[in-house]
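**Q** what follows is a predicted structure for the sequence shown.
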Amino acid sequence: MITKLANPNSFQKLSDKIYFPCLNLSIFFLVISLYYSFFASPPDYLQGETVRIMYIHVPCAWLSLSTYSLMAVCSFISIVFKHTLADIISRACAPIGACFTLATLITGSIWGKPTWGTWWVWDARLTSELILLFIYVGHIFISNAYNDRRKGDKNAAILTLIGVINLPIIKWSVDWWNTLHQPASISKFSSPSIDQSMLVPLFLMLISFSLFFTTLLILRIKSEIMIRKIEIIEFNQN
Amino acid sequence: MTYFIDFINSEKHFYYVFSSYLIVFFLLILIFILTSTKVKKLEKKLNNKLHNESQD
């Protein structure tokens, strides 16, 4: 199964089948989550109505980290096994990850103004998330900086693997340092500290955004495969 | 519905929340449109190349 999927053509056939179901499900979950976010969720006793920003801020933040994790796995596979599909996925992920990271920073900043009284502080969580955005942008620039696509992919993969050190810093910065950003409300090891009425829109939005991420990833992988096919045809013609 | 009416009437907070959602959806729709346009252009280019190659 994995061997079959590792073939770009087989992967493209499968991704074509799941593209529309993913997009439709993403829109379906988005509509439900918007209903829960605005009609079925109460304001927070401390944050007031601004708590509704959390329903898009947190899924964006989770996706910015999970996209980078996926890129790191692909970069490792690319360097060790030199597999083309790993490079393709890594290239396809970077702009999507950058987009989610930018959305996280902007929504966090907007939430910070009424809650903290400032748009930005050089807090450990905020700064490490900003560094993540720079790594994503660096990956996009490096992978496109060379005429030889393989050289660009290799150097971008090295940058991604070096940048992995930033992931635990983002995740545990709120526990390691005294930061303005609050600690995680949802943990794997303990019950969530937020009410059920707020958890439902949060998870529905996460499902919607994850499905949208998959849709975008499929599209971008398709475009990367086509770019490579065009290059091969042009090379054979010359 | 009460929650929504209270939210609409929460003048200051309304603009913070509304602008957050607007920016996020703008970014996501923008990257989706850009990617879809790129895919369509590439599909056209690839089909032309394959057509030319088969003629040669």
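**A** Structure received.

**Q** what residues does chain A put near chain B?
**A** Neighbours of chain B within chain A, by Cβ under 8 Å from any Cβ of the partner chain: A:38-43, A:48-50, A:52-53, A:56-57, A:60, A:95-96, A:99, A:102-103, A:106-107, A:110-111, A:113-114, A:212, A:215-216, A:219-220, A:222-223, A:226-227, A:229-230, A:233-234, A:236-237. For glycine as for every other residue, the C-beta is placed from the backbone atoms N, C-alpha and C.

**Q** what subset of those is buried?
**A** Buried members of the residues of chain A next to chain B, scored by 16 or more other Cβ atoms under 10 Å in any protein chain shown, are A:38, A:41, A:43, A:48-50, A:52-53, A:56-57, A:60, A:95-96, A:99, A:102-103, A:106-107, A:110-111, A:114, A:212, A:215-216, A:219-220, A:222-223, A:226-227, A:229-230, A:233.

**Q** so which of the residues you listed are in helices?
**A** Members of those lying in helices (criterion: DSSP state H): A:38, A:52-53, A:56-57, A:60, A:95-96, A:99, A:102-103, A:106-107, A:110-111, A:114, A:212, A:215-216, A:219-220, A:222-223, A:226-227, A:229-230, A:233.

**Q** give me the element the residue nearest the centre of chain B is part of.
**A** In chain B, the centroid-proximal residue (Cα atoms, centre = their mean) is residue B:29; its distance is 1.1 Å. In the assignment (DSSP states H and E), residue B:29 maps to helix B:11-55.

**Q** and that helix, is it in reach of chain A?
**A** Yes. Under the criterion of Cβ under 8 Å from any Cβ, chain A is reached by helix B:11-55 at B:12-14, B:16-17, B:19-21, B:23-24, B:27-28, B:31-32, B:35-36, B:38-39, B:42-43, B:45-46, B:49-50, B:53.

**Q** which of those are buried?
**A** Applying 16+ other Cβ under 10 Å to these flags B:13-14, B:16-17, B:20-21, B:23-24, B:27-28, B:31-32, B:35, B:38-39, B:42, B:46, B:49 as buried.

**Q** roughly how far does residue B:18 sit from residue A:107?
**A** According to Cβ to Cβ, to the nearest Å, residue B:18 stands 12 Å off from residue A:107.

**Q** please apply the same query to residue A:89.
**A** Using Cβ to Cβ, one obtains 26 Å as the distance from residue A:89 to residue A:107.

**Q** can you check residue A:165 too?
**A** Residue A:165 is 25 Å from residue A:107, by Cβ to Cβ.

**Q** next one: residue A:32
**A** 20 Å.

**Q** any low-confidence regions in chain B?
**A** Residues of chain B meeting the criterion pLDDT under 70: B:56.

**Q** do the same with chain A
**A** Scanning chain A for pLDDT under 70 picks out A:1-6, A:184-193.

**Q** cutoff 90 now
**A** Regions of chain A meeting the criterion pLDDT under 90 cover residues A:1-17, A:40-51, A:81-85, A:113-118, A:120-121, A:123-125, A:146-150, A:171-198, A:225, A:228-238.

**Q** can you map out the helices along it?
**A** Along chain A, counting by DSSP H, helices occupy A:2-5, A:8-38, A:51-81, A:84-116, A:124-144, A:149-163, A:166-176, A:196-237.

**Q** nearest to residue B:6, out of these?
**A** Smallest distance to residue B:6 across these (Cβ to Cβ): 10.4 Å, for helix A:8-38.

**Q** give me the helices and strands touching that closest one, please.
**A** Counting contacts by 3 or more Cβ pairs under 8 Å, 6 or more residues apart in numbering or on different chains; DSSP states H and E, helix A:8-38 packs against helix A:2-5, helix A:51-81, helix A:84-116, helix A:196-237, helix B:2-9.

**Q** so the second one versus helix A:196-237, what angle?
**A** Using axes from the mean of the first three to the mean of the last three Cα atoms, to 10 degrees, the inter-axis angle of helix A:51-81 relative to helix A:196-237 is 40 degrees.

**Q** can you pull the buried residues of helix A:51-81?
**A** Buried residues in helix A:51-81, counting neighbours by 16+ other Cβ under 10 Å, are found at A:51-68, A:70-72, A:74-79.

**Q** quick check: angle from that helix to helix A:149-163?
**A** Going by the same axes, to 10 degrees, helix A:51-81 is angled at 120 degrees with respect to helix A:149-163.
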